[in-house]
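Asks: Just need the structure, nothing else, for what follows:
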Amino acid sequence: MRSKRAVAAAFVAGLACLAAGSVVVASRYYYLLSAAERCNDPDLLVYRLDGVHRLVFGDRVALLVNTQEHVVVSLPVAGRRWGSVGLWPRDQTKGVVLGDGVKGDIDDFYRFDARGVDIVYTSGSEQNVLRVDL
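Replies: Numbers count the residues shown, from 1 in each chain. Got it, this is the predicted structure:
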């Protein structure tokens with residue numbers, strides 16, 4: 001009886017180590033996003049990647065806000081979201097500056113102020129206005 005309990009305890013401990021190792025390996029290649037903040041668009045969530053970057057993403061749009069350089073970059077939607085928990089590839093943080101007219105809509109723009117950033121972007125055929133508090 002004792003040996004069965006010892007085997008079961010060792011099995012559970014092994015599973016816990018495997019799960020912890022998976023999280024460590026995944027965090028090397030992905031941002032594990034859990035502390036989401038809301039913005040004025042209910043379909044989008046704002047995640048803090050580090051002290052400088054905020055990732056705003058939903059099903060159809062992904063934006064990276066750089067608070068140090070005061071730049072908003074449009075990204076391809078490469079992450080996944082399950083409720084407020086998200087997963088974003090670390091190598092997918094390069095994109096096109098919003099409103100530069102090269103790849104996006106020329107009417108897209110952003111404006112930083114002391115408390116946040118106002119973003120106007122085109123998704124599909126409609127223009128959206130987004131407010132992200134920093």
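Asks: what about stretch 72-79, how long is it end to end?
Replies: 18 Å (C-alpha to C-alpha, to the nearest Å).
Asks: Buried residues of that stretch, list them for me.
Replies: For stretch 72-79, the neighbour count (16 or more other C-beta atoms under 10 Å) marks 72, 73, 74, 75, 79 as buried. For the C-beta atoms, the positions are set from N, CA and C on the backbone; glycine is no exception.
Asks: For the second one, give me the pLDDT.
Replies: The confidence metric pLDDT takes the value 92 at residue 73.
Asks: For this protein, which residue occupies the most central location?
Replies: residue 55 (4.3 Å; C-alpha atoms, centre = their mean).
Asks: Which helix or strand contains that residue?
Replies: strand 53-57 (DSSP states H and E).
Asks: Neighbouring strands of that strand in the sheet, and parallel or not?
Replies: Applying DSSP bridges, strand 53-57 is found paired with strand 45-48 (antiparallel), strand 62-66 (antiparallel).
Asks: I'd like those as JSON lines, with mean pLDDT, mean neighbour count and distance to residue 30 appended.
Replies: JSON lines is the format used below for these (pLDDT from 0 to 100; neighbours: other C-beta atoms under 10 Å; distance: least, C-beta to C-beta, whole Å):
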{"stretch": "strand 45-48", "mean pLDDT": "94", "mean neighbour count": "20", "distance to residue 30": "12"}
{"stretch": "strand 62-66", "mean pLDDT": "94", "mean neighbour count": "21", "distance to residue 30": "14"}
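Asks: Turn those strands into JSON lines, columns for distance to residue 92.
Replies: Below are those laid out as JSON lines (distance: least, C-beta to C-beta, whole Å):
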{"stretch": "strand 45-48", "distance to residue 92": "13"}
{"stretch": "strand 62-66", "distance to residue 92": "8"}
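Asks: Just the buried positions in the strand holding residue 55, please.
Replies: Buried-residue list, strand 53-57, by 16+ other C-beta under 10 Å: 53, 54, 55, 56, 57.
Asks: Would you mind identifying the next helix or strand past the worst-scoring helix or strand of the chain on mean pLDDT?
Replies: None of the helices or strands of the chain scores lower by mean pLDDT, DSSP states H and E than helix 2-29, at a mean of 63. The first helix or strand that comes after helix 2-29 along the chain, using DSSP H and E, is strand 30-33.
Asks: With that, I have no additional questions.
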